[in-house]
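> how would this look folded up:
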Amino acid sequence: MTTVIKRSKIAAAVVGVMALTGTTVALASNTSLSQLQSEQMQTSRASAASQERIDSLFEQSRELLGEYRSVVAQYESLKLYNDHVQRLVDDQNDSLQSLQRQIDGIEETRQGVVPLMYKMIDALDEFVQLDIPIHREQRERRVERLREIMTRSNVTDSEKFRQIVEAYQIEMDYGVGLIAYQGNLTFGGQDIAVDYFHMGRVAFMAQSLDMRNAWLWDNDNREWMRVDDSFLSPLTQAIRMSRRQTAYDVVRLPIFAAETAE
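Numbers count the residues shown, from 1 in each chain. Here you go, the predicted model:
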C-alpha cells in the first residue's frame, strides 16, 4: 500500500513537471516568434532607411557631378578668356614700354631738332637775301617772325618746325607760274608805283603803272636796269595773263642767259 502511494505521488509529480515544461516551451516558442517578427520588421525598416539614404546619396552625387562638370566648363571658358586678356595686357605693356622709350628719347631728339630749326631759319634768311627780290619785305618779315617764335615758350617745337617748313614751301611756290603784284620801285632816286611781274625765278620785271617804262632785275649786280621800249607791250600782255585777264600766249621777254663753263 505504501509502495503504491509513493509511485502515484512520483507519477503525479512527473506529470506535473511535464505539464509545467510544456507550458514553458509553449511560452518560449511564442516569445521567440514575436521577437523574430519584431526583429524582421526592424530589419526591414532599417533596410528601407538605408536604401533611402543610398538613394539620397546617389542623387547628391549626381548633382555634385553635374556641378563639377559645370565648374570645369566654366573654368575652361574663363581660362580661355583670361589667356586672351593676358595677351592684350602683354601687348599694352609692350606699347607702354615703347612709348616710354620714345618719351625718354624726346629730350635727346629735342636737343637735336632745335639747333636744326635755327640753321634752317638762317639758311632761309640767306636765301632771301641772295634771291631775286620777289615780295622782299614780306619774305624778310616772315623770317623775322620765325626767329621770334623760336623764343616763345607757349609755342611747341612741333608748331615751330611746321611754320619753318611752311615758309620753305612758300619759297618753293615763288619759283613756278606767272605772278604779278603792285608795289613801289626805287630807281634814280625816285619811288615809282609799278606792277611787278615774275615768271618763276627766270625773270623778274617791273612796269610803271602808266606803262611807259619797264625794268629788269639784274641779280648778279643786285640792281634794276631799264629795258627797251619794245618789251613794254609784251610785258603788259604777260601781266594781264598772270591776272587771268587774257588768254595764255607766247610773249617775248628779256632774260639773262645762263652762264656756260669755258
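
> hmm, residue 193 is touching residue 209, no?
Yes - at 5.1 Å, residue 193 counts as touching residue 209 under the criterion of CB atoms under 8 Å. (C-beta placed from N, C-alpha, C; glycine too.)

> okay, and the common contacts of the two?
Overlap of the contact sets of residue 193 and residue 209 (by CB atoms under 8 Å, 6 or more residues apart in numbering) consists of residue 182.

> okay, now the unreliable bits of the chain?
Confidence mapping of the chain against pLDDT under 70 gives the ranges 1-31, 106-107, 257-262.

> helices along that one, start to end?
Counting by DSSP state H, the segments of the chain that form helices are 2-130, 136-149, 157-173, 232-242.

> how far is the longest one from where the chain is centred?
Computed by CA atoms, centre = their mean, to the nearest Å, the chain-centroid distance of helix 2-130 equals 46 Å.

> for it, packing partners?
Here helix 2-130 is seen to pack against helix 136-149, helix 157-173 when contacts are counted using 3 or more CB pairs under 8 Å, 6 or more residues apart in numbering; DSSP states H and E.

> show me what the first one is packed against.
Contacts defined by 3+ CB pairs under 8 Å, 6+ apart place helix 136-149 against helix 2-130, helix 157-173.

> quick one, the first one and helix 136-149 angle?
Compare the direction of helix 2-130 with that of helix 136-149 by axes from the mean of the first three to the mean of the last three CA atoms, to 10 degrees and you get 140 degrees.

> the last one now?
Using the same axes, to 10 degrees, the interaxial angle of helix 157-173 with respect to helix 136-149 works out to 170 degrees.

> now do helix 157-173: distance to the chain's middle.
In this view, helix 157-173 has its centroid 27 Å away from the chain centroid, taken as CA atoms, centre = their mean.

> what residues sit buried inside it?
By neighbour count on 16 or more other CB atoms under 10 Å, the buried set for helix 157-173 is 160, 163, 164, 167, 171.

> packing partners for that helix?
Contact here means 3+ CB pairs under 8 Å, 6+ apart; on that basis helix 157-173 packs against helix 2-130, helix 136-149.

> could I have the CA atoms of it written out in PDB?
What follows is helix 157-173, C-alpha atoms only, in PDB (Å, rounded to 0.1, in the frame of the first residue of the first chain):
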ATOM      1  CA  ASP A 157      58.600 122.700 -81.000                       C
ATOM      2  CA  SER A 158      56.300 120.800 -83.500                       C
ATOM      3  CA  GLU A 159      54.500 124.000 -84.300                       C
ATOM      4  CA  LYS A 160      57.700 125.900 -84.700                       C
ATOM      5  CA  PHE A 161      59.000 123.300 -87.100                       C
ATOM      6  CA  ARG A 162      55.700 123.300 -89.000                       C
ATOM      7  CA  GLN A 163      55.900 127.000 -89.600                       C
ATOM      8  CA  ILE A 164      59.500 126.800 -90.800                       C
ATOM      9  CA  VAL A 165      58.600 124.100 -93.300                       C
ATOM     10  CA  GLU A 166      55.600 126.100 -94.400                       C
ATOM     11  CA  ALA A 167      58.000 129.100 -95.100                       C
ATOM     12  CA  TYR A 168      60.200 126.800 -97.200                       C
ATOM     13  CA  GLN A 169      57.100 125.700 -99.200                       C
ATOM     14  CA  ILE A 170      56.100 129.400 -99.900                       C
ATOM     15  CA  GLU A 171      59.600 130.000-101.200                       C
ATOM     16  CA  MET A 172      59.300 127.000-103.500                       C
ATOM     17  CA  ASP A 173      55.900 128.400-104.800                       C
END
